[in-house]
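Colleague: Below are the sequence and a predicted model; questions follow.
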Amino acid sequence: MTPLLEIDGLSKSFGGLSVVRNLSLRVEAGERVALIGPNGAGKTTVFNLISGYYRPDAGRIVLDGLDLVPVAPRSRVRVGLARSFQNIRLIAHLTVEENVLLGAHSRAGGPLGMLLPPWLGRGRVLREEARALLAEAGVLAHARALAGGLAYGLRKRVEVVRALMARPRLLLLDEPCAGLNGAERAALLDELHRVAAQGVTLLLVEHDMHFVGGLCQRAAVLNFGEMIAQGTPASIARDPAVIEAYLGHAPERHAYA
Amino acid sequence: MLEQQIVNGLMLGGIYVLVAVSFTLFFGCLNFLNFSVPALFMLGGFLTWALVSEGVPWPLAVLGALAVAGAASLVVERLTWRIQRGGPPLVPLVSSLGFLILFENLVLVRWGSDARALPSPFGDANWRIGELVIGLPQLAGLLLSITLVLGLQVMLRRSKLGRGIRAVAESAETATMLGVEVNRVVPRLFLLAGLFCALAGVLFALSYQLVSPYMGDQVALKGLSAMVLGGMGNVWGAVIGGLVIGLVEVLAIGILSADHVNIVVYGILLLILVVRPTGLFGDPELGKQKL
Amino acid sequence: MSGYTAAILTILAINLIAAYAAWLPLAAGQVNLGTAGFMATGAYASAVLSNEFDWPLWGAIGAGALAAGLLAVVIGAAVLRTRGLYLALATLAFNEVVRGVLINLEVVGGAAGYPVIGYVGLLPIALCAGGVFLLALWLSASRLGMTLHAIEQDETMSGLFGVHVPLTQLAAFAIGAVLAGLAGGLYGHHFSFVEGQHFSVLLSVTIVLSVVLGGTQTVWGPAIGAAFFTLLPELFRGAEGWRYVLFAAAVILVMAVRPQGVVTRGMLRRAMFPRRRAA
């Protein structure tokens, strides 16, 4: 079966610094995969390469058989790719609803549609959709609030809804639960399970191993731009190479005096 | 005759060099397109005339004009850069446009819009080589410009302030982490660059003996063209750019007419920006992630 | 209504249209310092059509506006590839090139200016200004308006969601130019005279400054800015210089203290929904 996302030999350097080295990863349709690794391991760079923000120095990125590298970044959303960002990138002086509608831009009709208010024509359907998604995420009450004034946790969740409005096949989530409290994490976990059940493939960058364990079937560990291990979250947590990467030394037996 | 025009162009270019270098310092180090630069040029030249016309001996008049311009530059720093550091770069640009209008109109209100003749302390001193006439004040101005730029480069490379400025040019946050006192380095940069363009105004006044409240507007686009031509952020590029623009201006007046000069110079600016915005020697990466 | 009041209101109406002309590109984050150049295009094009080709008044003005829009598409395609500060410089250069060309074109009067056949009075101009305001209101509420705000804040993110950033910016630039051309055409036919000197970079700059002062986030900002700039001299009868001094001081102050401008979206919503508090 063709994987939905296939990364093969991906490499990227900045100046002399090699940030992603010969990375290969396959994500099957419907899977939930996490990219984990210490800070600076290159995880967000991988996302930026998949989105098209950077051009790879070497390697292939293939989405459902389509070679993504020559595809312009703005056209990648149309082939089913959407993402959220590590540092939230919402438009502060637009409302939550408007921010979320931006996510559906690629489905909103052509240039003529731009001249209509967002709630006429096609926009009306999209607006209903947006409100439904906001309700599912538990943030509908804030739909008319300006995004800049909301609490961090709320804005994080709005970002996820915005990405969902693009109706992606592959959803890239960059640290979706950073800064969320326990209840918010649980709610996000449920929501992502729901999203995955509807057929969306998830690729996350995350640090919260508990969250990853609760959501993902597979985790790939990056360190210094290279993949050092892959497997279920449970097996990864026990992998000596992974522990060394995080702690900086091999696991030791501690005798408690 | 062509050689004479080349000479004249280089002399004029010497003045544009200082303005272009001033723009370049602001743009290269602070990513700030500082439109108060032409206003400071005007203050340098015009206030020299104003003081001389009050009877002040010309060396003191020059110092007085430079002092006022320097102080003005520090005010600009306080109200544009210092407050908006880290925000959208278009805000300081807009503020600096405000300062341009402010300073120009303060002068207009006080002295009116007429151009004024400045009696030259040097008379018509010039140097004749064969058929070429080289005005001594202009030559002195050109030499002074080059010397100042050389001094600037030495300062940037060797002195503590220079290191501080280069650190800030890389990144203000990193500079702070490295112990550079950004809040002391930046005002000094403003003072330095401000004095450069004010001095250009003084030189212009002394060399061409004519000042007007609008002289800043005229030099603004030429200084900017010089900066862009030479490559934004590159000081030696600004020098080449300044000299080239001076040449182009004089040759255009000679070949076409004074009326067409603006079209030619600004046409060149437009062309460069569209075709090769990095100019002759600029860094292609500069300005990309910055804006 | 006294002749003097009518004259002020006419200028206000024209300045309002020019303000909205500058507002569109500014809302998209582009510092366009060439608005006066497009006004000049509209003014001269409509003047030529009125004078030499006997076009009906509104036909000439409309065609002048469209000519400005066409010029914007050509220039914009070349110039909008540059960014931010480079764009500011390029539009500045464009403005001066247009002005330089027009001042030297003897066939339209050269530096002496060009008389215009035809007259348009306060009422039609005021109606145009009202129409432009409604258009701005419409665009602001449209998906285009929303997209422009998104581009202004975060171009890269907008692109990743499918926004065609260069094309959208070109649209804002061109529509702005059409409005500028309209303002120019109305100006020319009201004063029955156009001269290149008037459409200087200073004019472009003051228009941009007044819009930024008023605030680019909402449709009310440009109106506030235009009104402030136009009515300020009424406090200082005669002293033109002081008007600009105060205007510039106000701009500097507002940029230092409230860079989003006087009218922000948040402020507008608090004014419209005083009891509602965003959670």
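Modeller: All right, it came through fine. Keep in mind that this is a model prediction, so the values were computed, not measured.
Colleague: ok, and the closest non-adjacent residue to the residue in chain A positioned nearest to chain C?
Modeller: In chain A, the residue that lies nearest chain C is A:Ser106 (3.2 Å; Cβ to the nearest Cβ). Glycine gets a C-beta too; all of them are placed from N, C-alpha and C. In space, and not counting its chain neighbours, A:Ser106 is closest to C:Gly162: 3.2 Å by Cβ to Cβ, 6 or more residues apart in numbering or on different chains.
Colleague: repeat for C:Ala47
Modeller: C:Val116 (4.5 Å).
Colleague: now that neighbour: how far from C:Ile103?
Modeller: Distance, C:Val116 to C:Ile103, using Cβ to Cβ, to the nearest Å: 17 Å.
Colleague: Same drill for those two, tell me which one is more crowded.
Modeller: C:Val116 (25 against 22; other Cβ atoms under 10 Å in any protein chain shown).
Colleague: Tell me if the helix or strand B:Ala220 falls within is near chain C.
Modeller: Assigned by DSSP states H and E, B:Ala220 belongs to helix B:215-230. Yes - using Cβ under 8 Å from any Cβ of the partner chain, we find that helix B:215-230 touches chain C at B:217, B:221, B:224-225, B:228.
Colleague: contacting residues for the nearest residue to A:Val195 once chain neighbours are set aside?
Modeller: Nearest non-adjacent residue to A:Val195, counting by Cβ to Cβ, 6+ apart: A:Leu164, 6.5 Å away. Contacts for A:Leu164 (Cβ atoms under 8 Å, 6 or more residues apart in numbering or on different chains) come out as A:82, A:103, A:133, A:171, A:195, A:200.
Colleague: what secondary structure does the most centrally placed residue in chain A sit in?
Modeller: For chain A, the residue nearest the mean C-alpha position is A:Leu173 (1.6 Å; Cα atoms, centre = their mean). What DSSP: H, G, I helix; E, B strand; the rest coil gives for A:Leu173 is strand.
Colleague: bridging residues for it?
Modeller: On the basis of DSSP bridges, A:Leu173 is bridged to A:Leu204.
Colleague: so how far is B:Gly179 from it?
Modeller: 39 Å.
Colleague: and the closest residue to B:Met215 other than its chain neighbours, how many neighbours?
Modeller: Nearest non-adjacent residue to B:Met215, counting by Cβ to Cβ, 6+ apart: B:Met42, 5.1 Å away. Counted by other Cβ under 10 Å, the residues lying close to B:Met42 total 30.
Colleague: can I assume B:Met42 is in contact with B:Leu102?
Modeller: No - at 11.7 Å, B:Met42 does not count as touching B:Leu102 under the criterion of Cβ atoms under 8 Å.
Colleague: where along the stretch 101-250 of chain C do the helices fall?
Modeller: Taking DSSP state H, counting those that start in this stretch as the test, the helices found in the stretch 101-250 of chain C are C:122-141, C:143-153, C:155-160, C:165-191, C:201-214, C:221-231, C:240-257.
Colleague: Looking at the ones you listed, which is nearest to C:Leu268?
Modeller: Closest to C:Leu268 of these, according to Cβ to Cβ: helix C:221-231, at 9.4 Å.
Colleague: same question for that closest one, mean pLDDT?
Modeller: What helix C:221-231 shows for mean pLDDT is 93.
Colleague: what's the angle from it to helix C:240-257?
Modeller: 150 degrees (axes from the mean of the first three to the mean of the last three Cα atoms, to 10 degrees).
Colleague: and helix C:221-231, what does it pack onto?
Modeller: helix C:3-27, helix C:201-214, helix C:240-257 (3 or more Cβ pairs under 8 Å, 6 or more residues apart in numbering or on different chains; DSSP states H and E).
Colleague: CA atoms only: put that helix into CSV for me.
Modeller: Output of helix C:221-231 as CSV, limited to C-alpha atoms (Å, rounded to 0.1, in the frame of the first residue of the first chain):
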residue,chain,number,x,y,z
GLY,C,221,-9.3,55.0,10.4
PRO,C,222,-8.7,56.5,7.0
ALA,C,223,-11.7,58.8,7.4
ILE,C,224,-10.5,60.0,10.8
GLY,C,225,-7.0,60.5,9.4
ALA,C,226,-8.2,62.4,6.4
ALA,C,227,-10.5,64.6,8.5
PHE,C,228,-7.7,65.3,11.0
PHE,C,229,-5.4,66.4,8.2
THR,C,230,-7.9,68.4,6.3
LEU,C,231,-9.5,70.2,9.2
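Colleague: Residues touching it, excluding its own?
Modeller: Outside helix C:221-231, the residues touching it (Cβ under 8 Å, 6+ apart) are C:8, C:11-12, C:15-16, C:18-20, C:22-23, C:133, C:136, C:206, C:209-216, C:247, C:250, C:261-263.
Colleague: just for the stretch 151-279 of chain C, where's the confidence low?
Modeller: Along the stretch 151-279 of chain C, segments meeting pLDDT under 70 span C:236-239, C:275-279.
Colleague: who in it is up against chain B?
Modeller: So far as Cβ under 8 Å from any Cβ goes, the stretch 151-279 of chain C lies against chain B at C:201-202, C:205-206, C:208-209, C:212, C:239-242, C:244-245, C:247-249, C:251-252, C:255-256, C:259.
Colleague: wait, A:Leu90 sits on A:Glu98?
Modeller: No - in this structure, A:Leu90 is not within contact of A:Glu98 by Cβ under 8 Å, at 9.8 Å.
Colleague: Could you pull out the helices in chain A for me?
Modeller: Taking DSSP state H to define them, one finds helices in chain A at A:43-51, A:73-76, A:96-103, A:111-114, A:122-136, A:152-164, A:182-197, A:209-215, A:233-238, A:240-247.
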